[in-house]
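In: All I have is the shape, not the residue letters:
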């Protein structure tokens with residue numbers, strides 16, 4: 001079956017951190033264009049979907065006045081124009097918010113809609129209190145809805161998504177870019193990559209690291225990313241007296257991220273459910289670290305336990321348990337062979353189940369199915385067969401045994 005013609009819809013221009021959307025745009029076969037919204041105006045391939053010169057804008061205004069329509073109709077006209085110009089056979093909406101924006105136009109044009117949820121669009125109270133009111137209608141319109149974690153599946157079902165439309169389809173990573181490197185000879189440096197926002201809790205990563213440094217001053221932490229909590233975290237490092245042990249690099253290219261991952265002992269991320277309900281989907285950086293052969297030290301949060309096997313490919317703590325995370329980091333500083341063993345199994349798991357080519361193929365299978373009217377239950381089973389079983393996600397029966405250190409008092 002030939003690939004369908006795909007129009008990707010997203011709520012705004014892509015951010016640097018949205019690796020998954022950029023990869024869909026660049027690598028997904030059949031993509032004809034990208035529509036996004038800026039100041040409410042729909043743009044197709046970086047140009048307004050409706051002409052914005054004086055004459056056409058004046059004409060549309062006159063038409064609105066004569067028909068007594070509001071500006072929302074012009075937005076709908078722009079969305080329809082973008083779909084028609086792309087000659088799309090299916091619309092892939094990245095984030096639930098984009099799905100709400102394009103659902104009515106897809107329905108009017110008879111174009112199947114696939115809505116790909118990613119994280120905060122399924123759980124943030126701000127989103128659910130505003131855009132979320134349009135989710136029931138969008139779910140009725142959508143041909144398929146994609147969740148990237150089992151926790152997200154549960155939440156979307158609770159929001160009213162019909163079970164027969166819902167498919168679990170996790171991300172993948174470019175394993176060719178993230179080379180599998182040994183950890184046994186690397187210095188005791190931890191790497192954290194992600195936006196400085198509440199759900200990624202960089203301040204809690206720092207609190208755990210401070211406990212580690214108190215017992216082993218050789219440890220180092222590199223943090224890559226930007227965001228509203230960056231300044232506060234820089235202040236915290238000064239207040240904790242660990243400025244010489246922590247490096248903030250800001251936003252960096254994917255090439256720099258790959259280099260730093262290859263050179264670190266392990267990857268660390270203390271994701272939590274934020275107080276507004278915001279959660280991760282499945283953090284792409286966790287898969288990237290695994291592809292590099294790096295142990296992951298993280299939390300039992302959202303999609304992380306779906307892709308990290310505790311004690312086999314990484315070490316997990318409860319959310320906000322910085323003491324336990326500090327002990328896990330200390331274990332990897334003192335025992336490089338443990339980091340090596342975890343990282344080796346992480347690389348095997350990521351390269352077996354989560355390479356980019358496999359994830360794109362899974363997504364293409366969904367898009368092809370909705371275009372042909374195929375049975376989604378068969379597609380769901382096919383995707384499930386390509387992933388670790390839910391009930392048994394282990395690569396082996398062997399777990400790395402940790403020696404739990406005790407921290408000095410004071």
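Out: Great, that's in hand. The structure displayed is predicted, hence computed values, not measured ones.
In: quick check, distance from stretch 252-270 to the centre of its chain.
Out: 17 Å (CA atoms, centre = their mean, to the nearest Å).
In: buried set for that stretch?
Out: By 16 or more other CB atoms under 10 Å, the buried positions in stretch 252-270 come out as 252, 257-258, 260-270. Glycine gets a C-beta too; all of them are placed from N, C-alpha and C.
In: Now do the strands in the stretch 251-400 of the chain.
Out: Assigned by DSSP state E, counting those that start in this stretch, the strands in the stretch 251-400 of the chain fall at 266-268, 295-299, 314-317.
In: would you list those in CSV and tack on distance to residue 18?
Out: CSV is the format used below for the strands of the stretch 251-400 of the chain (distance: least, CB to CB, whole Å):
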stretch, distance to residue 18
strand 266-268, 19
strand 295-299, 20
strand 314-317, 24
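In: Select, out of those, the one closest to residue 104.
Out: Smallest distance to residue 104 across these (CB to CB): 38.7 Å, for strand 295-299.
In: partner strands of the closest one, parallel or antiparallel?
Out: strand 266-268 (parallel), strand 314-317 (parallel) (DSSP bridges).
In: The closest residue in space to residue 380 that isn't next to it in sequence sits in which helix or strand?
Out: Once flanking residues are discounted, residue 380 sits nearest to residue 167: 5.2 Å by CB to CB, 6 or more residues apart in numbering. Secondary structure from DSSP states H and E places residue 167 in strand 166-168.
In: Residue 192 now?
Out: strand 189-193.
In: Which elements pack onto that strand?
Out: If contacts are counted by 3 or more CB pairs under 8 Å, 6 or more residues apart in numbering; DSSP states H and E, strand 189-193 sits against helix 202-215, strand 220-224, helix 254-263, strand 266-268, helix 284-291.
In: The stretch 251-400 of the chain: helices as residue ranges?
Out: All helices of the stretch 251-400 of the chain, identified by DSSP state H, counting those that start in this stretch, fall at 254-263, 284-291, 304-307, 322-334, 336-353, 356-372, 376-385.
In: Can you pull out the low-pLDDT segments for the stretch 51-200 of the chain?
Out: 51-71 (pLDDT under 70).
In: C-terminal to whatever helix or strand residue 101 lives in, what's the next element?
Out: For residue 101, the host element (DSSP H and E) is helix 96-109. Next helix or strand after helix 96-109 toward the C-terminus (DSSP H and E): strand 113-116.
In: ok so, going back, with respect to burial, which of the helices of the stretch 251-400 of the chain scores highest?
Out: Per residue and on average, the most neighbours among the helices of the stretch 251-400 of the chain fall to helix 284-291, with a mean of 28 (mean count of other CB atoms under 10 Å).
In: what's the angle from that helix to helix 356-372?
Out: 130 degrees (axes from the mean of the first three to the mean of the last three CA atoms, to 10 degrees).
In: Does anything pack onto helix 284-291? Which helices or strands?
Out: Counting contacts by 3+ CB pairs under 8 Å, 6+ apart, helix 284-291 is packed against strand 189-193, helix 254-263, strand 266-268, strand 295-299, helix 304-307, helix 336-353.
In: which residue packs closest to residue 174, ignoring adjacent ones?
Out: Distances taken as CB to CB, 6+ apart place residue 356 nearest to residue 174, at 4.7 Å, with adjacent residues excluded.
In: now the one you found: how far from residue 368?
Out: Using CB to CB, to the nearest Å, residue 356 is found at 18 Å from residue 368.
In: Same check on residue 127?
Out: Distance of residue 127 to residue 368, computed by CB to CB: 29 Å.
In: that older thread, in CSV: the helices and strands packed on strand 189-193, plus distance to residue 49.
Out: CSV is the format used below for the helices and strands packed on strand 189-193 (distance: least, CB to CB, whole Å):
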stretch, distance to residue 49
helix 202-215, 38
strand 220-224, 35
helix 254-263, 30
strand 266-268, 40
helix 284-291, 29
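In: And for the closest residue to residue 109 other than its chain neighbours, the neighbour number?
Out: Closest residue to residue 109 apart from its sequence neighbours, by CB to CB, 6+ apart: residue 83 at 5.8 Å. Other residues lying near residue 83 total 25 when counted by other CB atoms under 10 Å.
In: The residue nearest to residue 174 contacts residue 175, doesn't it?
Out: Yes: using CB atoms under 8 Å, residue 356 is in contact with residue 175, at 7.1 Å.
In: Now for the two: what residues contact both?
Out: Shared contacts of residue 356 and residue 175, defined by CB atoms under 8 Å, 6 or more residues apart in numbering, are absent.
In: Does residue 156 touch residue 115 like I think?
Out: No: using CB under 8 Å, residue 156 makes no contact with residue 115, being 9.5 Å away.
In: which neighbours do the two share?
Out: Counting by CB under 8 Å, 6+ apart, the common neighbours of residue 156 and residue 115 are residue 145.
In: And those two? Which one has more around it.
Out: With neighbours defined as other CB under 10 Å, residue 156 and residue 115 compare such that residue 115 has more, 30 against 25.
In: ok, now which ones touch that one?
Out: Counted by CB under 8 Å, 6+ apart, residue 115 has contacts 93, 96, 98, 99, 138, 142, 144, 145, 146.
In: distance of it from residue 39?
Out: Counting by CB to CB, the gap from residue 115 to residue 39 is 23 Å.
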